[in-house]
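K.L.:
Sharing a model prediction with you, sequence too.
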Amino acid sequence: MTKARHPLSNEERAERRTQVSKGYLLKGVRILGGPAADLLLRDGIIAAVGRIGAATAKGAEVIDADGLVALPGLVDLHTHLREPGREDAETVESGSRAAALGGYTAVCAMANTSPVADTAGVVEQVWRLGREAGLVDVQPVGAVTVGLGGERLAELGAMAESAAGVRMFSDDGHCVHDPRLMRRALEYVKAFDGVIAQHAEEPRLTQGAQMHEGVVSAELGLPGWPAVAEEAIIARDVLLAGHVGARLHVCHVSTAGSVEILRLAKRRGIRVTAEVTPHHLLLTHERARGYDPVFKVNPPLRTQADVDALREALVDGTIDAVATDHAPHALQDKECEWAYAKPGMLGLETALSIVVTTMLDSLGWDGIAERMSRTPARIAGLAGHGQDLVKGAPANLTLVDPQARWTVDPAQLASRSRNTPYAGMELTGRVIATFLRGVPTVLDGKATR
Amino acid sequence: MKIKHLLSAADLSREDALAVLDTATEMAAMAGREVKKLPTLRGRTVVNLFYEDSTRTRISFEAAAKRLSADVINFSAKGSSVSKGESLKDTALTLQAMGADAVVVRHPAAGAPHRLAGWVNGSVLNAGDGTHEHPTQALLDAYTMRSRYGRIEGLKVAIVGDVLHSRVARSNVYLLNTLGAHVTLVAPPTLLPVGVEAWPADVSYDLDAVLPGVDVVMMLRVQRERMTDSFFPSEREYSRRYGLDLDRLRGLPSHAIVMHPGPMNRGVEISPEVADSTRSTIVEQVANGVSVRMAVLYLLLGGAP
Amino acid sequence: MARPQVDHGGVRVERQPADGGKADEGRVVEGKTVEGKVIIDGPNLARIVDRMAHQILEKTSGARDTVLLGIPTRGVPLARRLADRIRAFEKVSVPLGTLDITLYRDDLRLRGARAVGRTDLPTAGIDGTRVILVDDVLFSGRTIRAALNAIADLGRPRQVQLAVLVDRGHRELPIRADYVGKNLPTALSENVRVRLVEIDGIDEVRIEAWRSLDGTGKGDR
């Protein structure tokens, strides 16, 4: 399959380098929603903050950022870029573009590609594709088991030592359900400060499952995915992590019961972190009525009580981060009968807007920065990201218009796929600009390349 | 009837449901005539889109459409472009191009008729979608009850068997509730869906306790595959606890009738003697199916396209 | 079979069908009905029915081998009354039935699918008999054409005749009645309303004039 790739020409690279050294002056931004200030970005770092004189800013391109909120560049712990293998649904480049438009400066690319990212070779390939695209830092996630088969550990050490520098390992899409294997994995990665990110789903309780098991699934005649299938694995894994003294990260937490278990684990001092998707903060299983597979996702949309518990957990820190689980799917995998559709939703371009629309009041801008940038950067081990916007810090940031209202149009999204559950929804908050080490990846709401 | 599609028994208001039953009564009168044909749907095209093998239901719909002088096109999944991987959407566009006024669809995936309704201009009739619903079965069951009792309101109906996987049970629970009957579901706990408490029906695990109080007992087919999935330990145990045999038949009130949507597993959920007894309406149900389906086709298609 | 009505505060507005309610083909214009005048009152209606019964007896030389089939809705009580009067005059029992023609209409697509009425043939059937169709108003003739199609599917009568209470003209098909209660020339914009005690609580026949709200005058065909 041929891919269109437009690497920068030498002239363009030179021009870009020059501008980076000349810099960008962002006038009147509100850092974390605070009072208006100026930010000077030069040579990849924040050169100055506050009231910046003309002399200091000489040569810099001025960007009027009046009214815009500046956040540290967002970091996504959980994205599916589909390359290699399903470039019809998404490529590293198109996914990176979507991420930049969503305010992200770094994304962790999950390993369930084809071939699976279970060797140094594949993770390096993904890492390289990310650098070539140059729109976002793509941090590959390595598979825990060979071929995601759940039977043998993959060469985790080799992936950690590769150019891709993998620290997070996940079989996402599948659960590492064998408790013995999960224990080994948790122990093994301690050697290089790695972390296992578990997709919690006991497969024997979810055979043939299509949606959350509850009142709606009973009515719709669709086999159910019970909450206990997630909770049982999380309970087991936090106890295992505690026992062997390892870090554990839980992907896409979706139930109130899971939140309770995480609270208990953290109280006990177990080093567990957890993420929640934007769609689990807003949508419920009622969306399945009408059988439109755009709402089919794994773990499934659940009840309003679950949504409420997840929001509360995100505020009080039981859930550490928002992660998109951006899962692009080609049209034919979604324009079909529910049972035959692939589960998953787009998320990169709408994540921040969803969080702003639903949780700005309870989190505040600082809370949003904490959950969508600082904490995920720390969990993923990405030192250059999630840093406060102070002098000397890497210039990884995004500018958001907090008042902008926009309607989600699937055809207008940068992703190659169209499976967004928010089609037609009006959201508040829109990314106007994103900078990756001082280089603008998004200006004026449009990607720069 | 204001609705354009019949996707779920819950779509039918009480008035709509009674209109179907009343019209079916008139349609049934035709069976006795020499010329079993009405010109009502002349020039209309009804497509039978069957992704699951079901000769009985398909023939029933075919007879119904033909008796109303509609043109019938049968599209079965085996050996067609469907088995070669053609998507439902592409099939829908083909039907659209053929000018189908109505598509009768049976499909193994719940919700397939709903998707189809979004892709074709004609009316969509759900003839069974996975484990979701089978609205015309519920209508013909209600018709059968009414023809035996003269009414539906106030009847006590027990639905026995694999409720979890039964589209017939779901449709019947909705329709009987709409028409004022009282439903009790009887099954082992493994074969009742989580969330059944929200249904307009009582639930019991004890068949013998329920039988003396019912006017109608509807036995559902139980599939042997459920045994390998540990829904119940053995056919023998299932039969003993939830099967309708002669002893249990005697436990029914003398006026009560026995129904079964078919096909039956003789000896499992229903003993052969019971199936063949005069209390059983199983054969009538089949005949009533044609009249009821004629009524549905007429009410959906008989008016403005 | 009620016609859809819209209430404009005191004035009863009706969508004017082209032919008085039997077959709504053609354009529909919203208008307002003016309470018309009574053409036949209760006592006269009874006399007309008597006369028709005598006419039937005369033309059929005693109404033997004859069946009366009423077309719902109001053809049914009319047929019953004719049978009663025939029995009263000459002690002949004429078998009675009803013939619903909804499923044979040629204009189904223009309106919603309507409720189907009863079809009840006398136990001896209609083969070889003289069938007299009975209806309240004869207008375009489409109802009777549908009835003839229905009869053809039900059996093979020796002869089919038609008895109507009112013939208001404006035939669209070559159909005529054998027994007519009253010939009533009407304008297309007018409406003939028959009320019978068995259904409406009163016996009368009225002509209602109709004026369109937009002033364009009579409804079109």
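P.N.:
Done, it's in. Numbers count the residues shown, from 1 in each chain, chains lettered A, B, ... in the order given.

K.L.:
make it CA atoms for all contacts and neighbour counts henceforth
P.N.:
OK.

K.L.:
Got the domain ranges for chain B?
P.N.:
For chain B, the domain assignment from automatic domain parsing gives the residue ranges B:9-134+B:286-301, B:135-284.

K.L.:
Which positions in chain C make contact with chain B?
P.N.:
C:103-105, C:108-119, C:153-154 (Cα under 8 Å from any Cα of the partner chain).

K.L.:
just to revisit the earlier point, among the domains of chain B, which is nearest C:Gly36?
P.N.:
Nearest to C:Gly36 among the domains of chain B is domain B:9-134+B:286-301 (34.1 Å), distances taken as Cα to Cα.

K.L.:
Show residues contacting the longest helix seen in chain C.
P.N.:
Ranked by residue count, the top helix of chain C under DSSP state H comes out as helix C:42-59. For helix C:42-59, contacts defined as Cα atoms under 8 Å, 6 or more residues apart in numbering or on different chains pick out C:62-63, C:81-83, C:85-86, C:165, C:179-182, C:202-204.

K.L.:
Past that helix, which element shows up next along the chain?
P.N.:
Next along the chain after helix C:42-59, taking DSSP states H and E as the criterion, comes strand C:66-70.

K.L.:
What strands line up against that following strand, and which way round?
P.N.:
Applying DSSP bridges, strand C:66-70 is found paired with strand C:96-98 (parallel), strand C:130-138 (parallel).

K.L.:
Could you list which of the residues of chain C next to chain B belong to strands?
P.N.:
The strands, defined by DSSP state E, take in nothing from the residues of chain C next to chain B.

K.L.:
now these: which count as buried?
P.N.:
Using 16 or more other Cα atoms under 10 Å in any protein chain shown as the burial test, the residues of chain C next to chain B include C:103-105, C:108-109, C:112-114, C:116-119, C:153-154 as buried.

K.L.:
would you say A:Leu399 is within a strand?
P.N.:
Yes. Counting by DSSP: H, G, I helix; E, B strand; the rest coil, A:Leu399 is found in a strand.

K.L.:
how many neighbours does it have?
P.N.:
A:Leu399: 29 surrounding residues under other Cα atoms under 10 Å in any protein chain shown.

K.L.:
who touches it in this structure?
P.N.:
Counting by Cα under 8 Å, 6+ apart, A:Leu399 touches A:Val29, A:Ala65, A:Leu68, A:Val69, A:Ala70, A:Leu71, A:Gly103, A:Val431, A:Ile432, A:Ala433, A:Thr434.

K.L.:
In contact with the fifth one, which residues?
P.N.:
Contacts for A:Ala70 (Cα under 8 Å, 6+ apart) come out as A:Val29, A:Arg30, A:Ile31, A:Leu32, A:Gly33, A:Leu397, A:Thr398, A:Leu399, A:Val400.

K.L.:
Chain A contacts on the stretch 151-300 of chain B?
P.N.:
B:Leu164, B:His165, B:Arg167, B:Arg170, B:Pro193, B:Val194, B:Gly195, B:Val196, B:Ala198.

K.L.:
can you list these in a markdown table and add distance to B:Gly43 and secondary structure?
P.N.:
Formatted as a markdown table, those follow (distance: Cα to Cα, whole Å; DSSP: H, G, I helix; E, B strand; the rest coil):
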| residue | distance to B:Gly43 | secondary structure |
| --- | --- | --- |
| B:Leu164 | 41 | coil |
| B:His165 | 38 | coil |
| B:Arg167 | 32 | helix |
| B:Arg170 | 34 | helix |
| B:Pro193 | 44 | coil |
| B:Val194 | 46 | coil |
| B:Gly195 | 45 | coil |
| B:Val196 | 44 | helix |
| B:Ala198 | 44 | helix |
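
K.L.:
Which single one of the residues you listed is nearest to chain A?
P.N.:
Taking Cα to the nearest Cα as the measure, chain A sits nearest to B:Gly195 out of these, at 4.1 Å.

K.L.:
circling back: can you dump the C-alpha coordinates of the longest helix of chain C into CSV?
P.N.:
Extracted in CSV, the C-alpha atoms of helix C:42-59 (Å, rounded to 0.1, in the frame of the first residue of the first chain):
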residue,chain,number,x,y,z
GLY,C,42,-86.8,10.8,8.8
PRO,C,43,-90.3,10.0,7.7
ASN,C,44,-89.5,10.4,4.1
LEU,C,45,-86.4,8.2,4.4
ALA,C,46,-88.7,5.4,5.7
ARG,C,47,-91.1,5.9,2.8
ILE,C,48,-88.2,5.8,0.3
VAL,C,49,-87.0,2.5,1.7
ASP,C,50,-90.5,1.1,1.5
ARG,C,51,-90.7,2.1,-2.1
MET,C,52,-87.3,0.6,-2.9
ALA,C,53,-88.4,-2.7,-1.2
HIS,C,54,-91.5,-2.7,-3.4
GLN,C,55,-89.4,-2.0,-6.5
ILE,C,56,-87.1,-4.9,-5.7
LEU,C,57,-90.1,-7.2,-5.2
GLU,C,58,-91.5,-6.0,-8.5
LYS,C,59,-88.4,-6.2,-10.6
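
K.L.:
in the stretch 51-200 of chain B, which spans are strands?
P.N.:
Along the stretch 51-200 of chain B, the segments classed as strands by DSSP state E, counting those that start in this stretch run B:71-76, B:102-107, B:123-129, B:156-160, B:182-186.

K.L.:
quick one: the longest one to strand B:102-107, angle?
P.N.:
For strand B:123-129 against strand B:102-107, the angle between stretch directions is 20 degrees (axes from the mean of the first three to the mean of the last three Cα atoms, to 10 degrees).

K.L.:
List the contacts of strand B:123-129.
P.N.:
Contacts with strand B:123-129, where a contact means Cα under 8 Å, 6+ apart, come from B:4-8, B:57, B:101-113, B:116-117, B:133-136, B:167, B:300-301.

K.L.:
which residues of chain A score low on pLDDT?
P.N.:
A:1-8, A:16-17, A:20 (pLDDT under 70).

K.L.:
Would you mind splitting it into its domains for me?
P.N.:
Here the domain assignment for chain A is A:10-70+A:395-447, A:73-380, based on automatic domain parsing.

K.L.:
just those: most buried one?
P.N.:
domain A:73-380 (a mean of 22; mean count of other Cα atoms under 10 Å in any protein chain shown).

K.L.:
related to what we said a few turns ago, and B:Glu86, which of the domains of chain A is closest to it?
P.N.:
Across these, B:Glu86 has its closest neighbour in domain A:73-380 (10.8 Å, Cα to Cα).

K.L.:
sorry, back to before: from the chain's centroid, how far away is the longest helix of chain C?
P.N.:
Relative to its parent chain, helix C:42-59 has a centroid offset of 16 Å by Cα atoms, centre = their mean, to the nearest Å.

K.L.:
and it, which residues are buried?
P.N.:
Across helix C:42-59, burial judged by 16+ other Cα under 10 Å covers C:Leu45, C:Ala46, C:Ile48, C:Val49, C:Asp50, C:Arg51, C:Met52, C:Ala53, C:His54, C:Gln55, C:Ile56, C:Leu57.

K.L.:
Quick one: residues contacting the spatially closest residue to B:Asp101 that is not a sequence neighbour.
P.N.:
In this structure, B:Asp101 finds its nearest non-sequential neighbour in B:Gly122, 4.6 Å apart by Cα to Cα, 6 or more residues apart in numbering or on different chains. Counting by Cα under 8 Å, 6+ apart, B:Gly122 touches B:Gln96, B:Ala100, B:Asp101, B:Ala102, B:Val103, B:Pro305.

K.L.:
Same question for B:Ile73.
P.N.:
Neighbour list for B:Ile73: B:Thr45, B:Val46, B:Val47, B:Asn48 [criterion: Cα under 8 Å, 6+ apart].

K.L.:
between these, which is closest to C:Arg193?
P.N.:
Distances from C:Arg193 to these, taken as Cα to Cα, are shortest for B:Thr45 (38.0 Å).

K.L.:
Good, wrapping up.
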